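Trainee: next one to model:
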Amino acid sequence: MRASPRLQPTDKAMPAPSLLQLMWLASPALPVGGFSYSDGLEAAVESARVTNEDTAADWLVDQLHLTLSRGDLAVVARAVAAWRRDDLPRLRELNDWVLQTRESSEFRLQTEQMGRSLLLWLQNHNTASAAQLEACGQLRPSYPIAFALAASATQAPVRDCLMAFAFGWAENMAQSAIKSVPLGQSAGQRILARLTADIPAAVDHAMDLMDSERQAFSPMLAILSAQHETQYSRLFRS
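Mentor: Reported below is the predicted structural model:
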């Protein structure tokens, strides 16, 4: 019997180690505490704005395009490039923007805690250099800035770094919907499928934004987040 020929890779856009590192960063198993936050979704459920699978999917797709794409994804795009050229003033500017534009104390605590946890994770790996880790620590990084450091070391294209960031968010939010609405696992997978289909467009939009076009303006989400701080019964920290 003739042996089958060895299969050859057809897409060499990203080396396998870079792809695996991005998958690792997007994994819900990454110990940054993402599972404990709902990004305001729990408050939307409490106020009956989200009541079932369809309204949960609609809410999250809107959140992807109106908040994540115009804010954090745009920051990650610029921060990855800044880490790769060791542009610390630019990184401080981007980090300050993230912290100053968080519209509730919960959202600010979330990005600070996740950024701090990801920096601790990086300190136990050989992903970033000692100088980069020291600089990141001095910034007291928000999560987008810490993620950008981790992603920049993979040497993956910036667009792929943003895909990983967005998918990690989407997977966490699908799980938040399952727990808070509540929904079944199949419904959660359908929500994740909708988000995944919209992620490329959201990433492309984020990459095209100028600094003057970047924004963090979502009034209803800010109101819900503030209400969540005193919500009587809750599963999540935001």
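
Trainee: count of neighbours near Gln189?
Mentor: Residues within reach of Gln189, counting by other C-beta atoms under 10 Å, total 12. Quick note: C-beta positions are derived from backbone N, CA and C, even for glycine.

Trainee: whoops, I mixed them up, Gln231
Mentor: Gln231 has 13 neighbours, counted by other C-beta under 10 Å.

Trainee: which residue packs closest to it, ignoring adjacent ones?
Mentor: Closest residue to Gln231 apart from its sequence neighbours, by C-beta to C-beta, 6 or more residues apart in numbering: Glu46 at 5.9 Å.

Trainee: could you export the lowest-mean-pLDDT helix or strand in the chain as CSV, CA atoms only?
Mentor: Every helix and strand in the chain was compared by mean pLDDT, DSSP states H and E; the lowest is helix 16-26, with a mean of 86. The C-alpha coordinates for helix 16-26 follow below in CSV (Å, rounded to 0.1, in the frame of the first residue of the first chain):
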residue,chain,number,x,y,z
ALA,A,16,2.0,28.1,14.6
PRO,A,17,3.6,29.4,17.9
SER,A,18,2.0,32.8,17.4
LEU,A,19,-1.4,31.3,16.6
LEU,A,20,-1.2,29.1,19.7
GLN,A,21,-0.2,32.0,21.9
LEU,A,22,-3.2,34.1,20.7
MET,A,23,-5.5,31.1,21.3
TRP,A,24,-4.1,31.0,24.8
LEU,A,25,-4.8,34.7,25.4
ALA,A,26,-8.3,34.3,24.1
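
Trainee: neighbours of Ser18, how many?
Mentor: Count around Ser18 with other C-beta under 10 Å applied: 18.

Trainee: ok, now which ones touch it?
Mentor: Thr154, Gln155, Ala156, Asp160 (C-beta atoms under 8 Å, 6 or more residues apart in numbering).

Trainee: one more: Leu99?
Mentor: For Leu99, the contact set (C-beta under 8 Å, 6+ apart) comprises Arg108, Thr111, Glu112, Ser142.

Trainee: just the buried subset of those, please.
Mentor: Among the contacts of Leu99, the ones that count as buried by 16 or more other C-beta atoms under 10 Å are Arg108, Thr111, Glu112, Ser142.

Trainee: the residues you listed in helices, which ones?
Mentor: Among the buried ones among the contacts of Leu99, the residues falling in helices (DSSP state H) are Arg108, Thr111, Glu112.
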